[in-house]
Each structure stands twice: as C-alpha cells, then as structure tokens.
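K.L.:
predicted coordinates and the sequence they were generated for:
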Amino acid sequence: MISRHEQCSSQADSDVPAGTHAHDHALPTMGAHPALSELLDVPVDTRLTEYTYLSHLYQAPQTLARVYVPWNVAELKVPKTSRSPWGEDIRSLLAGAGVDVASTVERVTARLPRTEEANLLHITTKTPVIAIERTSFDADGHVVELALLVLRGDRTEAVFTHRKAAPPEVEDCVDSGFRLLPWDSPEGKPCLLSVDCASSSALSQIADNVETEQTNAGAEVLSGAKSLLAEPEAGEYLLRFALARTVEALGEVLRVAQSRGARLSVPAYDEPEDEDENEDNEAEGEDSGSKVRKVSKGITR
C-alpha cells in the first residue's frame with residue numbers, strides 16, 4: 001500500500017500522545033494488555049517497547065503508527081536514522097540486534113476511528129480510516145514486531161502492482177517431470193501433463209494416438225515432397241505448398257521427439273578402466289607381441 005506524502009514529519013511535542021519519543025527521549029515501556037498479548041502471542045503484562053509515529057501531509061496529520069517489540073526479542077534503543085511514517089526503521093534496529101524478519105503478514109481493514117485516533121488525526125469519529133495490522137515473524141514463527149497503522153481514509157490512495165511472472169521454458173518444465181503434449185493451447189502456448197498422470201490417464205492415451213498420427217503424416221509428407229521434387233515440371237505453387245507442409249510436419253515430429261526423448265531413462269554405462277589396469281594390459285600386449293615375433297622368426301629360419 002502506498003500513501004502519497006509530499007511532506008512528511010514526525011512530532012514529539014504536546015500534540016503527540018504519551019509514549020511518543022524523540023531522539024533525545026528515553027523509550028517508554030509498557031506491559032502487554034490482553035489485546036496486544038493475543039496479537040504478539042505473549043503472556044499478558046509482557047514488557048514491550050512502544051514506538052509511536054505521527055506523520056503529516058503539510059500541516060495536517062496523515063498517518064498514526066504504533067510499533068511494538070517484546071523485550072524478550074530485543075531491547076532496542078531510539079532509532080538514529082530518519083524515522084519512517086510506517087515505523088520501518090525498527091526493522092533496521094532488529095537486524096542490528098541479530099533478529100531476522102523472515103515473513104510479514106499485513107491485514108488491511110476499513111473502519112471508523114477510535115476517539116483517541118480521531119483526535120490525533122484531526123478528524124471526526126465518523127470519518128473512515130484505513131487500519132493496517134502488520135505482524136512480522138522470525139524463521140521459527142515467533143512474532144518479533146507488531147505495527148498498528150491508521151491512515152486517514154479521505155487522504156489515502158492505495159496502489160497495488162502485480163507483475164506477471166515470466167513463463168518457464170518448455171525444456172525446464174519437461175525436465176521437471178512434465179510431459180510435453182502434441183498440441184498447443186488456444187493461445188498458442190505449449191501444453192504439459194504431469195508425469196504422475198502420464199502413464200495411464202485418458203489424456204495421455206489421446207496424446208499417444210495424436211503423436212502416432214503426426215509421425216505417420218510426417219512420413220507421408222516426406223514421401224510426397226520427394227516425389228514432387230523429382231517432377232521437372234512442378235510449378236512454384238506446388239513447391240511452396242510442399243515446403244509449407246514439410247515445415248509443419250517437421251515441427252510436429254520434433255515436438256514428439258522432444259517429448260519422448262525427455263521421458264527416456266538415462267542408459268547405464270560402464271565405468272572406464274583404471275589407468276593402472278590399462279598399463280598392465282599394454283605391457284602384457286607388448287610381451288605377447290615380442291613372443292609372436294620370436295616365434296615367427298624361428299619359423300622363417
């Protein structure tokens with residue numbers, strides 16, 4: 001989610017609620033009340049560090065963020081970097097303390113603000129807000145950070161960008177346990193069948209029949225092309241038609257070969273003999289050769 005901020009700042013004056021800190025203020029600590037203990041998956045009254053941020057768009061409050069880190073995860077200090085309106089600089093502090101954030105879950109809801117939130121954001125309790133509950137976990141699934149964000153609904157724009165992943169190469173899919181089928185999708189893309197279903201499924205049997213028809217048709221096209229090339233009076237139209245059919249048949253047969261070749265088991269091969277054995281064999285060969293030469297000389301004499 002993206003919030004448009006032409007000018008953004010954090011406050012630490014009397015307009016900010018208790019618990020807000022500045023770079024020269026001590027960090028407040030608190031005990032986890034029941035709602036926080038449930039979100040953080042910690043016992044009630046567990047010691048927490050609370051960070052509070054209030055960002056502004058020009059002079060009007062825009063975003064309220066509260067970030068909670070349990071003391072048993074890390075005892076963090078005041079961030080030395082410029083504070084983000086989303087509380088993202090806490091991630092840097094966690095990384096510096098050796099805490100790795102492996103995954104994050106964000107829950108977005110639209111609701112009416114609580115009285116305290118409305119007062120801080122300078123809105124009425126009837127103005128909708130967008131609430132984001134961001135929970136961060138380590139590799140073991142333990143909660144290491146909880147961020148509760150509240151954005152003014154009348155000044156927030158959400159932009160979601162989805163990038164389509166590049167389709168995998170056909171060779172990679174075939175090598176990864178898929179059978180390449182002898183036809184394309186309506187969009188002209190290759191069709192694949194899992195090898196787990198390829199042995200006895202009806203679709204696999206249909207593919208076998210289609211491949212047989214394609215190879216037989218390829219043989220007929222090859223025979224017809226040879227006959228046409230042997231005709232001295234064959235015109236340009238017939239030659240181009242034969243070439244087009246040959247290209248089509250060749251593409252089908254190559255796909256059949258690729259599909260069947262990928263499903264062949266790798267043949268076993270004999271390991272090469274050791275060099276020592278080869279040298280012994282060569283030495284024995286030389287000795288036997290010399291004996292044969294001596295015998296042949298004796299016969300000629």
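P.N.:
Looks like it came in fine. Residues are numbered from 1 along each chain as shown.
K.L.:
what's the neighbour count on residue 90?
P.N.:
Other residues within reach of residue 90, judged by other C-beta atoms under 10 Å, total 26. Backbone N, C-alpha and C define where each C-beta goes, glycine included.
K.L.:
which pLDDT does the model give it?
P.N.:
Residue 90 carries a pLDDT value of 84.
K.L.:
show me where the stretch 151-300 of the chain has helices.
P.N.:
For the stretch 151-300 of the chain, the helices defined by DSSP state H, counting those that start in this stretch cover 170-175, 202-229, 236-262, 275-300.
K.L.:
the stretch 1-150 of the chain now?
P.N.:
Counting by DSSP H, counting those that start in this stretch, the helices of the stretch 1-150 of the chain are 34-40, 89-96, 115-121.
K.L.:
for the last one, packing partners?
P.N.:
Translated: helix 115-121. The contact analysis (3 or more C-beta pairs under 8 Å, 6 or more residues apart in numbering; DSSP states H and E) places helix 115-121 against strand 60-70, strand 143-152.
K.L.:
rank those strands by pLDDT, which is bottom?
P.N.:
Mean pLDDT is lowest for strand 60-70 out of those, coming in at a mean of 89.
K.L.:
got the angle between that one and helix 89-96?
P.N.:
Going by axes from the mean of the first three to the mean of the last three C-alpha atoms, to 10 degrees, strand 60-70 is angled at 30 degrees with respect to helix 89-96.
K.L.:
who does strand 60-70 pair up with?
P.N.:
Partners of strand 60-70 in the sheet, by DSSP bridges, are strand 47-57 (antiparallel), strand 143-152 (antiparallel).
K.L.:
tell me which of these is the most buried.
P.N.:
strand 143-152 (a mean of 22; mean count of other C-beta atoms under 10 Å).
K.L.:
for that strand, C-alpha coordinates in CSV please.
P.N.:
Backbone C-alpha positions of strand 143-152 (Å, rounded to 0.1, in the frame of the first residue of the first chain) are rendered in CSV as follows:
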residue,chain,number,x,y,z
VAL,A,143,6.3,-12.7,16.5
VAL,A,144,9.2,-10.2,16.6
GLU,A,145,7.3,-7.0,15.7
LEU,A,146,3.7,-5.7,15.6
ALA,A,147,2.8,-2.5,13.8
LEU,A,148,-0.6,-0.9,14.1
LEU,A,149,-1.0,1.7,11.4
VAL,A,150,-4.0,4.1,11.0
LEU,A,151,-4.4,6.2,7.8
ARG,A,152,-6.9,8.9,7.1
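K.L.:
low-confidence regions, the chain specifically.
P.N.:
Across the chain, the ranges flagged by pLDDT under 70 are 1-29, 79-84, 163-177, 195-200, 265-301.
K.L.:
swap the cut-off to 80 and go again
P.N.:
Across the chain, the ranges flagged by pLDDT under 80 are 1-30, 57-58, 75-89, 158, 160-178, 185-188, 193-201, 203, 262-301.
K.L.:
quick revisit: which of the helices and strands packed on helix 115-121 sits closest to residue 76?
P.N.:
Shortest distance between residue 76 and those, using C-beta to C-beta, is found for strand 60-70: 5.9 Å.
K.L.:
could you count how many residues lie near the closest residue to residue 259 other than its chain neighbours?
P.N.:
Among residues not flanking residue 259 along the chain, residue 180 sits closest, at 4.0 Å (C-beta to C-beta, 6 or more residues apart in numbering). Residue 180 is flanked by 22 other residues according to other C-beta under 10 Å.
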